[in-house]
Each structure stands twice: as structure tokens, then as C-alpha cells.
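Student: the following block contains a protein sequence and its predicted model.
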Number of protein chains: 2
Amino acid sequence: MPYGYNGQILRVNLSQGTTSAEAIDELFCRKYLGGAGFVSYFLLKELRQGIDPLGPDNKLIFAPGPVTGIPLPGSGRHCVGAKSPLTGSYAKSESGGFWGAELKHAGYDAIIVEGKAEKPVYLWIHDGEASIRDASHLWGKSTKETQETIRVELGDNLIRVAGIGPAGENLVRIACIMNALKDAAGRGGMGAVMGSKNLKAIAVRGHKGPEVAEPERLKELRQWVLAHRELWASFAELGTGGAMEAWVDAGNVPVRNFLDGEFPEIVKISPQAVRDTIRIKMEGCYACPVRCKKVVKVDEPYSVDPDYGGPEYETLAAIGSNCGVSDLKAIARANELCNAYSLDTISAGDIVAFAMECFENGLLTTKDTGGIELRFGNAEAMCKTIELIAKREGIGDLLAEGTARAAQKIGKGAIEFAMQVKGLEIPMHDPRVKAALGLGYAVNPHGADHCANLHDTLFSQPGSSFDMFKPLGILEPIPADDLGPRKVSLFRDVQLFRIAQDSLVLCYFLPYDVDQTVDILAAVTGWRTSTTELLRVAERTLTMARSFNIREGLSAADDKLPNRFFQPKRNGVLSTKHYDPKQLDKAKSYYYTLMGWDAKTGVPTPEKLQELGIE
Amino acid sequence: MPYGYNGQILRVNLSQGTTSAEAIDELFCRKYLGGAGFVSYFLLKELRQGIDPLGPDNKLIFAPGPVTGIPLPGSGRHCVGAKSPLTGSYAKSESGGFWGAELKHAGYDAIIVEGKAEKPVYLWIHDGEASIRDASHLWGKSTKETQETIRVELGDNLIRVAGIGPAGENLVRIACIMNALKDAAGRGGMGAVMGSKNLKAIAVRGHKGPEVAEPERLKELRQWVLAHRELWASFAELGTGGAMEAWVDAGNVPVRNFLDGEFPEIVKISPQAVRDTIRIKMEGCYACPVRCKKVVKVDEPYSVDPDYGGPEYETLAAIGSNCGVSDLKAIARANELCNAYSLDTISAGDIVAFAMECFENGLLTTKDTGGIELRFGNAEAMCKTIELIAKREGIGDLLAEGTARAAQKIGKGAIEFAMQVKGLEIPMHDPRVKAALGLGYAVNPHGADHCANLHDTLFSQPGSSFDMFKPLGILEPIPADDLGPRKVSLFRDVQLFRIAQDSLVLCYFLPYDVDQTVDILAAVTGWRTSTTELLRVAERTLTMARSFNIREGLSAADDKLPNRFFQPKRNGVLSTKHYDPKQLDKAKSYYYTLMGWDAKTGVPTPEKLQELGIE
């Protein structure tokens, strides 16, 4: 069995009620690594073209990686993938926490969930054994009630639970899968896929992880992290978005559905404001000293349960500034609702903002909203709408379909207000500031994603992020709004490196540079490897995902941005600046070329598929 | 000043009689590394289109690299480049020995020689000082006489001399530059360029090399080499070509101008035969324990001076089997002649074989040869012809032009006997056995080269060469005769890695794997770097060379193989097998694509040039 792996995956067929272990060998592990690599491989290989994402033919894949569960900061993550009910295309989403590590310790390198259970079930995996258990009593319950009930009935308070709340059960297309109430595999509607399978939760407990090749080297890396707190202090102190206030000034933070640039109320909802008002502590993931996750407590006017954590940057902006909301307690409450119901906070915020703009422009009225004055800045309306989405009640049933489908149903030009790519709502970074990030939104196979992407501002001047990638030969800064060939090439490298991290699976927030990342993989597996191999595995992974989408009928035409980005903002620093669609087209074409995809159609060439060993 | 560099190059203008130092900074060093990288940069930047390679506008560049001259096995090499008088295109050639290390210790990272001296001169460089000295008394002298005279007149027996013999002076287009009588920058006629400048030699002596960042790490690597003799024992015991006898059976060794496959007399000229008959010792390069260079002594019927070393594999095959010659003493004598006169043994052997085939087919007669019966197997005729080439006497004047020009002058279909690409004669490996090597012969900017190339047989089964590249993610063997996309991609990786080695400059014969090679560069310079950066620098270097050729009017049509390879051999294992020209065309096109060059024309795209920062 290769170091770092259990050498087996768990296949669960809910239609048949069976579970079985399948062996994977070292060559397979090295070609696909784990996490996003495994997800891409199995989705491309095992899903038939044109299946219904919410039908029994879809498969839901949970994949930690070789790094997951080893005693090293940043090793608490895993990847979840399926055909997305939101986009109809390839989807993957990573989550932090403890669940992935526990799964590795329980003896599996991945889970493939197939079919659909007749009635609600949950999966119980412990120390190499797996069983399917009745979950009728859990259906309709919040993620917290679900976790607590399972822990009590299995008699172990250290069981880790990944599961869905009512949003997943109700097949809300933006439903996520929550782990331990605070961490989410958020994007692409993975929670709806879980709900469609009548699978309420996966409970795991394990006592033995795979062996690693060089524990001493990993210990050194761990000690290096501990000795360099200055490299992650901002995450430890403020969580994500420590520079949110400055980002508004720079134009990066969406305000009122990406319309505005000014939002002086930012000081009320920034991570600093969270720290100074409602935060009670910070928490972290498996084996990680960074502890970048805010935990908040609110008593009035809402009661917000600290067990649900607190709002990250994406949530603060999506549910806050992007809805024009500056009521931090309301944002905390909405965050709690999303985590309890299992809703993606980014998509939820964008959808509410979309509905608000529709409302303000008369495309939706109080007749549609059931009396809610769904205007920008109305915090109460925002919270209420999120609840309705999770329950698919009233206006929520329409919005539960996601912005793209909702806009189509609303008609009257509502699509112009739908801030999404391929159906996936746009995260909280504006491509008018970060040019290559916009390219990444456009071309990522799972839609607008800020993770497997490049944040241009980190490469526009020397600094720790710049240094992290310097070993790749990235020596000279490039302006954030540049989208020439050098930037496109940089984007491709960084995108591929991120995908490699998503395959290991390794957190982005640790300060390991690209060389140390290779070191980590080498220390875990004993392989002599390199950045070249790491990026090649990622190239294979991404090209498999692309091939999946091509098979589903997507094309270069789907690699586009909402028109809004081609206009300036109504105010603020970007009021005189916009994204150039021609520049984007040129960059897209060059990116395809660099990937070995047809420069016009974006279809991987037969030669590239052969080169990468993709059937 | 960056670790591993002196931070300055020496510019010598022979027309003006001036020398001057020019600073280079760390960013420049990191983008171009040294060796082949520096050569490509300066040739592209400083040479005007269409200049006469043998005129004063050509520049001759000598470039060691950051690794040259450090106390590490394999660090004795440097690169020489210019516009080639043989091919009219970009040329570079590496040489082992001690000269490059001495130049580094004398304070320079490169020498650019411009213009033409009015009368013969030599250059004297020592400890940061440089002067141009009269060499009238050296003109016409052998390389040995030249070296000895210079050492005496400068009063230092440890001076290292790179220089030319009469072949270089006579502008023989296959003249090389010899260092220390045994090592050659052999290919592309660099010796003729030196002769055209009236530059007889460059003598160097230095006492202080650049500092390195991590001497302890280099010491560890050195000790690792010493502790793993099994990885280089074959080189130490037999020099290059230890498997020559088996290679004949496999079809790899050229016999009678690449016509035949059978050569039972191989046992008389193999490295084993050299060892058992005429070899007196092995010698090595700077700081290297491998000592892979044969030294031979012959007393009768010829006297062969051990100071000129002995024949390597390429020489044994080029002057031996490829001329049908099985007289080892004659081969040793011819090798001595080449080293004394400064002739490239590969080109010399191919030219003699070409002339022999012309003679046997009546395209040349005794009238042309001055009575020499220039038939395959005639050892005496072979030696005589080589001498005539060096002196440009009789038939030698025609052959001194190289096979391509000679064939053109002879006419009558002689071009079919000219085994060359772009004018550079083909080394001693048959592409009918090694498919990607043939692609490399075709596309290499300096013509048919076996160094910056892939030897397919090393990747057709697991083994130490396979393992050397495994960290790049090359996990599964590929048949030697395969030329599909996976092989083309492998070729590109290996070719780029070889170019990176030629830029460091680091010997190929040491068993460092790709990761250790990165380690070496990191330990020398203190840079955090990676295989990705190393291959990117090589991509830049190769694309600059390609751009140079495009500017000179070369095109995809010049990336071709002689027709002979598309036919089977007359006998032996390849008598039923040939190279498929259509397969080559497809592979070429995919290679261009992978390089970011136009798939049809092979011209680097404007985007790729911009990406790589090539003007």
C-alpha cells in the first residue's frame, strides 16, 4: 500500500443498499493524487452523458487526498464532487474541518455514492467498516440536530458528521454539504445531490491513518509553520478578509449586486468589526494552529448559536455589502441559517442581491415576495429570503433554482442582474480589479470560482504571496489589470497549482511555497516528485473536468462573464473603468492554447488527451 | 553579486583591440542562467540578420554557467555559440574539461568576442584582467604546440587554453574549438568562426571563483556521487559507448554511412577493445571523479600522442563503423589528427563516409581524390582524407565545406548520401531505432544533435535513466519506436531539461536526477527554484534560438531528416523497418504546438514571445 494512502475507496450503492471496498494502486494514486483529481477521474469515467444531476444516476464523490489527515497544518481538507444541479456541468468543492481527516483514519481514500435510497438514510463508516442506516428520524432536521442525534445514537461524541439540512433535502440547487456545522463543501449544489439520494449524512470515525514515508520531514515543516507565525498572523487574528476595508476602496468588494463601488458602512461588517463586537473566539481545522475561523455569538435581536461558527469574508460580503446590508448581527444570523439549512453563503448572498435588484427595478413586486420589501440594505428581508430559499417557500422556491434559472423564469431582462458564470454565482472579488481572476471565473469548469484561480493583486507587487510562487520562475510583478500572455501563463500556473492543492488536499492559507508543497507530497508518499509533476497532474485533472463539460454539451460560449463587468461601477474607484470583453476573448484563446485545447472551441485536442492518458 | 556568478561578462572587440567588462544583474542571471541560455540571448539580441558567419559581424560567445567551476562532479563544462558557418543558423556546442571552470575563477561569466583582428592574436585572461596578445608565431601550429607555447611564454603551466589548430585557421566549416587537446566544443564550426576572427586561442587562469550559497549542501551532493559509484561505473570503466557492441545488434550504430546494420568487426573497435589494446588510462574533467575520457597510446604503425586523449563513442562510430573502418589504431590516429587540427570528429567521420559512398558510386573518382581509393573500410584513406580536410588540400577543400555544400557541388544526387540536418552531420544514433531522437535531430535549432535530445531506448523500460526523469511525472515506459503525443511530450521535457543542463552548465553523465539538479542550482545560487523554472528557462532559451533561425530565413521545411532514414537498412535488424515520414510530420506539428510555435510553420507565436519576454 503506498504511503499516504489507505489503498482503497468505498463504493456505496444506495439503490441496492450495498457498500464495498475497491483497491487502488500506487500508479493510480500518483496519476490522480486524490481530492479534485479523484473526483475528476471518477466523474469522467463513471457518469453517463446527459444524466439528471438530481437523479439516481449522478454520483457523489467525497475525496480526501494524500495530505489529508497527516499531522501537518493545512491537512484538514477534502473535496466533494458530482454533476452539478446548478450548472449541469462538472462540480467540485473543497471543505475544511476534521471530517476528511477522520475518513482517512477510518480507512478510505474516497467514497463514491451511487443510486438513491428508498427512504432517508445515513452512512456510518468506522475503522474500515461501512453501513447504511435509517435516517427517517433525521429528515427535516437542522445540521446541528442531525449531528447531535447521530453522536448520541452511535455513542461517540468524536464522530465527525458531514450532512445536509432542509435545503439539501428540498433539492435547493445551491445547497451545500456541512461538516461539523461550520465548514462547507459549499459550491455547485452538492447538498442537493446528497438530498436527491435521500442521504442525510455521512458519519465517520477512525483510529488509524495511513503511514507516511518521512515523518521527521513533516515534523520539520510543522515546526517551520509554528516558527513563522508572521506569515499567517492575519488569518489567525482576523480570519479571511483582514483587508476588506481597503478592498472596498480598491473596488474589489461587491456592493449592491456588483453595481456600486462605495460602501462606507464596511467598517461595521469587516472582520475587524466582527472581532470587536460579536466574536467570541477563533477555531481551526485538523492539526492546524492557524485557527482562521471566526466564532460569533449574538443574543439580541436574534440569537446566533456559536456552534455554527461565524461569517467568513465571502459571507460578510455576499450577505452584507453585496445586499447593501450593514447590520452585522443580521449577517451573523443569515450565516447561521445557511449553516443550519446547508446553503452556500456565496450563492445565497448573490441570489438575494439579484432578487433585490429585480425588486428595485419592478421585475419582482411584493406580490411575488409575499409582501417582503426586498430592497438593497433591508437586513430583515435578506434573512427572511434566505430562510424561504432553504424551505422553498414563496419567492424562495423560485430563488432556490439559482440566479440563472430564476432570471430565465422572471424574464424581462432579469438575466442582466444574474451575476453568475455557467450558473454558479460569482464570489466576492471583482474582475474589474483582478483581470486574470475574471478569466478564471470564465473558464473554470465548475463556474465562477475564486479558489482555483489567481488573485492578480497578489502578483502586482513583491510580497509573501508573490514569493510563494517565485520558485516557478515568476520573477517580475505584473499589473493587476494586465491580461496579456505573461499574465495568462501566470494564471494557468497558479490555477494548476491550486488544483494540485485541491488534489493533495492542502489548505491555501498555509504559507508553504510551491517547493514546500512538493516536499510535503514527497515526505508523505516517499516519491521523488517535482513542481512539474504536480502541475501535470493538475493539467490532467483540469482537462478531465473540461472533457466532462464538453461531453455535457458545454462549449467556449459558456466561458463568459456577466455583461455587468464590461461596464464601470456606478461609483467608487471603478466608476471610470471596466473589463474589456475583447481582451478577455484574446486571453481565453491564449489560455486554451496553453492548455492544449483548441484555441477557438476550447475542446481538448485528441493529442492532448492521448498525452495525458485520458481516454 | 549573485551567488554562483561573477556578475560580469567580458566583451572583446578584436577589430578595435579593446576589452571591457559589463555587469549582469541577478534577474538577468535567473532568466537566462548561463551557458546555452546566455548564448541564445546574446546571439538573438546582438547579431544582425543575414551576417556572414565567417565575417567580422559574427560574434563568438563562450559561456560557462552558475554550476561551472564549483567543487561538484560534472561542473567542468561550458558552452560556445555563434552563427554557424556550417548551417547558417544558430549554433551552440558544449565542451568538458577545465577551461570553463578556470574562466569562472578568472572572474567572468561569459566572453563575447566581436570583430576581427588584423593579424593573429590570442586572448589572455587572468584574475579579472584581460589582454589581447600577438599570436603570429602560433598561426599554423597544432593545438598542442599552441598550448605549450602559451604556457611557456606566460610562465604558468596551469594556464588553460581553448583554441584552434589549422582547421580553424583554414575556415574549415566543421572546425571545432579544442580545450586542453582532448575536449572539444565540437559542433557547428565554432573553430572556423574563431579562425575567421584571427583568434588563435583564449588562455585563462584564475584563483577565485564566485561564492556559493550553500557549500555544505554541495558537499553532500558530491559525497552522494562518490557513494554511488554503481550509477556511473560504466562511464568510469569504459567511457561513453560501453554498450556499443549491443547497440550494433539493436541497429543503433551507423555502419557505412548509415546504410548497413551488420558490422561484426565492432568487437575490434568497441570501448572494450580500446581498453584491452591501446588504452593507457582514463582522465576526467574539473572536480569530477568519473573520469570517463579514454587516453590511448599507439606506437606503430602510427604514433598517437596520449596528450590528445582518445576516441569517445561518437568518434569510434563516426570514424570507425560509419566509414566501415575496423582498424582501431587508425581510428586513434584520426582522432589525434582531429584534436590537433581542431576538427569535429562526428562531422569528419560523416563527411568521410559520405565521400566514400560518393566514390563507390562513381560520383567521385581517383581524379577527384588525388588517387586515394576512398572506399568503405579503407583506414588509410580515411586518415589521409581527414588531414586533407583540415588543410583544405585536394579533395579536402571540397569536403571542408561539410556534406551538404559538398553534395551540392558534386551534384548527381550526392545529396542523398549527405547524412545531415540543416547542414550539421548526424551523430552516431539511428532514428530508425530511436523515434523521438529523430524528431530531435529534425527540430533542434542547431541541426542534428544527440545531446539536447531524447534517447528513446532509455525510456522504453525502467532503469536508472528512467528514474532520473521520474520526478517529472514520467511514470510509464514508452516503446522506443513510438512517436505519439505522449512520446512527443516526453521528448520536449527531456530536450528542455538537457538545455537547462547546458545552461547551468552541468554534465549529462552524472547520475543527478532532475530534482537533484534543481538542488544544485539552489545550493549554488540560494534561489528557491524548481523543475518548472528550470524548464521554463530552457523554453525561453530554445525559443530564442528558434527565433534566431526564423530571422535567418529557416522554416519548418528545414526541420527534416535525410531520406535514408525512411528506408530500411541493407542488412541487420533494421532491414525490415524504417522511419515513417508521416509519423514524423505529425510529431513535428504536435511538438510545435507544445512549444507554443505555430503548428504548421513552426514560428513562435507573438503571444509565446511576449509570455517569455522575448522582444
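Tutor: In hand now; what should we look at? Because the structure is predicted, anything quoted here is derived from the model rather than measured.
Student: what does the stretch 401-550 of chain A have sitting close to chain B?
Tutor: Applying CB under 8 Å from any CB of the partner chain, we find that the stretch 401-550 of chain A lies next to chain B at A:470-473, A:475-476, A:484-486, A:488-489, A:493, A:513-515, A:518, A:527-533, A:535-537. C-beta here means a position set from N, CA and C on the backbone, and glycine is covered the same way.
Student: taking the residues you listed one by one, which sit in strands?
Tutor: Counting by DSSP state E, no part of these is found in strands.
Student: just the ones of these in helices?
Tutor: Using DSSP state H, A:485-486, A:488-489, A:493, A:514-515, A:518, A:531-533, A:535-537 are the members of those that sit in helices.
Student: now render these as CSV, adding pLDDT and neighbour count.
Tutor: Formatted as CSV, these follow (pLDDT from 0 to 100; neighbours: other CB atoms under 10 Å in any protein chain shown):
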residue, pLDDT, neighbour count
A:485, 98, 24
A:486, 97, 17
A:488, 98, 27
A:489, 98, 23
A:493, 97, 22
A:514, 97, 26
A:515, 97, 20
A:518, 98, 27
A:531, 98, 29
A:532, 98, 28
A:533, 98, 26
A:535, 98, 23
A:536, 98, 22
A:537, 98, 26
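Student: could you work out the most separated pair of those?
Tutor: Distances among these were taken as CB to CB; the most separated pair is A:485 and A:518, at 26.2 Å.
Student: how about the residue of the stretch 501-615 of chain A found nearest chain B, nearest residue that isn't a chain neighbour?
Tutor: Across the stretch 501-615 of chain A, no residue is closer to chain B than residue A:533, which sits at 3.2 Å (CB to the nearest CB). Spatial nearest neighbour of residue A:533, chain neighbours left out: residue B:473 (3.2 Å); criterion: CB to CB, 6 or more residues apart in numbering or on different chains.
Student: just residue A:466 next, same as before
Tutor: residue A:459 (5.8 Å).
Student: how many neighbours does the one you found have?
Tutor: Neighbourhood size, residue A:459 [other CB atoms under 10 Å in any protein chain shown]: 25.
Student: what's the answer for residue A:394, then?
Tutor: Residue A:394 has 18 nearby residues by other CB under 10 Å.
Student: now swap in residue A:601 and tell me
Tutor: 13.
Student: my guess is it contacts residue A:556. True?
Tutor: Yes: when contacts are counted by CB atoms under 8 Å, residue A:601 is listed as touching residue A:556 (5.5 Å).
Student: lowest-confidence helix or strand of chain A?
Tutor: Lowest by mean pLDDT, DSSP states H and E among the helices and strands of chain A is helix A:464-469, with a mean of 90.
Student: buried residues of that helix, list them for me.
Tutor: A:465, A:466, A:468, A:469 (16 or more other CB atoms under 10 Å in any protein chain shown).
Student: do the same with stretch A:234-248
Tutor: A:234-236, A:238-245, A:247-248.
Student: what's the mean pLDDT across that stretch?
Tutor: On average, the pLDDT along stretch A:234-248 is 96.
Student: backbone dihedrals for residue A:131, please?
Tutor: The phi and psi values for residue A:131, taken as degrees, to the nearest 10, are phi -140, psi 150.
Student: do you know how far it is from residue A:202?
Tutor: 11 Å (CB to CB, to the nearest Å).
Student: joint contacts of the two?
Tutor: Common neighbours of residue A:131 and residue A:202 (criterion: CB atoms under 8 Å, 6 or more residues apart in numbering or on different chains): residue A:123.
Student: so where do the helices sit in the stretch 501-615 of chain A?
Tutor: A:514-525, A:531-551, A:581-595, A:606-612 (DSSP state H, counting those that start in this stretch).
Student: swap in the stretch 251-400 of chain A?
Tutor: Going by DSSP H, counting those that start in this stretch, the stretch 251-400 of chain A shows helices at A:266-269, A:271-277, A:313-315, A:328-341, A:345-360, A:366-369, A:379-391, A:395-399.
Student: list the helices and strands the first one packs on?
Tutor: Helices and strands in packing contact with helix A:266-269 are listed as helix A:244-250, helix A:328-341; criterion 3 or more CB pairs under 8 Å, 6 or more residues apart in numbering or on different chains; DSSP states H and E.
Student: in the stretch 51-200 of chain A, what residue is nearest chain B?
Tutor: residue A:66 (14.8 Å).
Student: tell me the contacts of that residue?
Tutor: Contacts for residue A:66 (CB under 8 Å, 6+ apart) come out as A:4, A:5, A:29, A:33, A:34, A:504, A:521, A:524, A:525.
Student: check residue A:424 too.
Tutor: Going by CB under 8 Å, 6+ apart, the list of residues near residue A:424 reads A:84, A:86, A:87, A:187, A:188, A:347, A:402, A:446, A:447, A:448, A:449.
Student: so which of the helices of the stretch 501-615 of chain A is nearest residue A:258?
Tutor: Residue A:258 sits nearest to helix A:581-595 of all the helices of the stretch 501-615 of chain A, at 16.0 Å, using CB to CB.
Student: is that closest one anywhere near chain B?
Tutor: Yes: using CB under 8 Å from any CB, helix A:581-595 reaches chain B at A:590, A:593, A:594.
Student: residues contacting the last one?
Tutor: Spelled out, that is residue A:594. Contacts of residue A:594 (CB under 8 Å, 6+ apart): A:488, A:489, A:492, B:596.
Student: just the helices and strands packed on helix A:266-269: most buried one?
Tutor: helix A:328-341 (a mean of 27; mean count of other CB atoms under 10 Å in any protein chain shown).
Student: that one packs against which elements?
Tutor: Against helix A:328-341 (3+ CB pairs under 8 Å, 6+ apart) you get helix A:143-154, helix A:266-269, helix A:271-277, helix A:313-315, helix A:345-360, helix A:379-391.
Student: start to end distance for stretch A:121-131?
Tutor: 10 Å (CA to CA, to the nearest Å).
Student: again, but for stretch A:518-538
Tutor: 13 Å.
Student: how far out from the middle of the chain is it?
Tutor: Stretch A:518-538 has its C-alpha centroid displaced from the chain centroid by 23 Å (CA atoms, centre = their mean, to the nearest Å).
Student: at which residues are the strands of the stretch 151-300 of chain A located?
Tutor: Here the stretch 151-300 of chain A has its strands, by DSSP state E, counting those that start in this stretch, at A:160-163, A:177-179, A:183-185, A:199-205, A:279-283, A:293-296.
Student: would JSON lines of those with distance to chain B be doable?
Tutor: Listed next are the strands of the stretch 151-300 of chain A as JSON lines, based on distance: least, CB to the nearest CB, whole Å:
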{"stretch": "strand A:160-163", "distance to chain B": "32"}
{"stretch": "strand A:177-179", "distance to chain B": "31"}
{"stretch": "strand A:183-185", "distance to chain B": "28"}
{"stretch": "strand A:199-205", "distance to chain B": "31"}
{"stretch": "strand A:279-283", "distance to chain B": "30"}
{"stretch": "strand A:293-296", "distance to chain B": "30"}
